[in-house]
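Asks: From the sequence below, what's the structure:
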Amino acid sequence: MRSLIAILSLTFAVVANANTLEEAQTLFANRGENVANAKKAADIYATLAAKASGVEKANLLLGEAEAIYYVGIKADAKKEKLSLHERGYEAAQKAENLLKASAATKTEIAISNYWFAANIGKWGEAKGVLASLGKWYSDMKPALEEIKDLDDTIQDYGVYRILGMGYLKVPGESNNEGLNYLVKAYTNTIRTVEVDGEELELSYHVNNVVFLLEGMVKEKKLKLADLEFCKIYDDISFLWEAAQEDESILETYNSKLVPESKVEFTNFFAEKDNKEYFDKNCTR
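Replies: Reported below is the predicted structural model:
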């Protein structure tokens, strides 16, 4: 009888944990409906991670790092952004340490490095470039360089978009090399998207698009390799305007990143320098 009770107790515990994990995954999938869903998902992942070990713990910590990253990009207050992204990069770093101590694959370690660097990047934006230089050289840049050696395809070639923007923002880094990284992220993720009967050739990751265009604005470039600023800007303007009327267009563009696409496109078009550069150089 005691054995049966023990087995049933273990079974119920496993089911409870599975349901809790399922709840976290569902909440994060619904982050676009309310940012509180992502925050709750992050908290559940953190709670589960505290009770887990090894690779399981690492994966739960990465769930926390990804969810809290989204909460951070939605936050308005500087202090809140700093706190959220600090939590994100700390969770990712713990995950990385656990994965490196196990038989994890290169791709798994690369993903942990990505969420570590991505959260530091957003933390640095909130902190200010000069105030966060130490993190770039001691933590963020080495993590990104390691991703290049482990698996540079993860997160839609995300290592190159983050490196690209880092090189453009950090004093002393090569701006030309930064632009080359942004081009690499973009060109490796181009596909055809049909919007209102028009076929658009665009990167399917929103940040590969907006980071490239922001870099071109910053460096006053209208063409990089075969990529034309005016054409890309015009295409995403068309896509974004159509999406205001029909949100399913963002599903077509990238079904996995609809909430992120909303945030990043909104921020991009709200930045007056981007519009002014387009109006000055592209409109006739």
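Asks: ok, and the residue lying closest to Gly32 once chain neighbours are set aside, which helix or strand is that part of?
Replies: Among residues not flanking Gly32 along the chain, Pro259 sits closest, at 3.4 Å (CB to CB, 6 or more residues apart in numbering). No exception for glycine: its C-beta is placed from N, CA and C like everyone else's. Taking DSSP states H and E as the criterion, Pro259 maps to helix 258-270.
Asks: would you list every one of the helices in the chain?
Replies: In the chain, helices defined by DSSP state H lie at 2-29, 35-51, 54-74, 78-100, 106-127, 133-135, 141-150, 154-169, 175-187, 206-218, 229-245, 248-254, 258-270, 272-281, listed in chain order.
Asks: Save these as CSV, and put in mean pLDDT too.
Replies: Formatted as CSV, the entries for those read as follows, by pLDDT from 0 to 100:
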stretch, mean pLDDT
helix 2-29, 62
helix 35-51, 98
helix 54-74, 98
helix 78-100, 98
helix 106-127, 97
helix 133-135, 93
helix 141-150, 98
helix 154-169, 98
helix 175-187, 99
helix 206-218, 98
helix 229-245, 97
helix 248-254, 97
helix 258-270, 97
helix 272-281, 96
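Asks: Any idea which of those gets closest to Asp196?
Replies: In this view, the helices of the chain are compared for proximity to Asp196 by CB to CB, and helix 229-245 is the closest at 5.4 Å.
Asks: What angle do helix 258-270 and the closest one make with each other?
Replies: Counting by axes from the mean of the first three to the mean of the last three CA atoms, to 10 degrees, helix 229-245 lies at 120 degrees to helix 258-270.
Asks: Okay, buried residues for helix 229-245 please.
Replies: With burial defined by 16 or more other CB atoms under 10 Å, the residues of helix 229-245 counted as buried are Phe229, Ile232, Tyr233, Asp235, Ile236, Leu239, Trp240, Ala242, Ala243.
Asks: Please consider this matter closed, and thank you.
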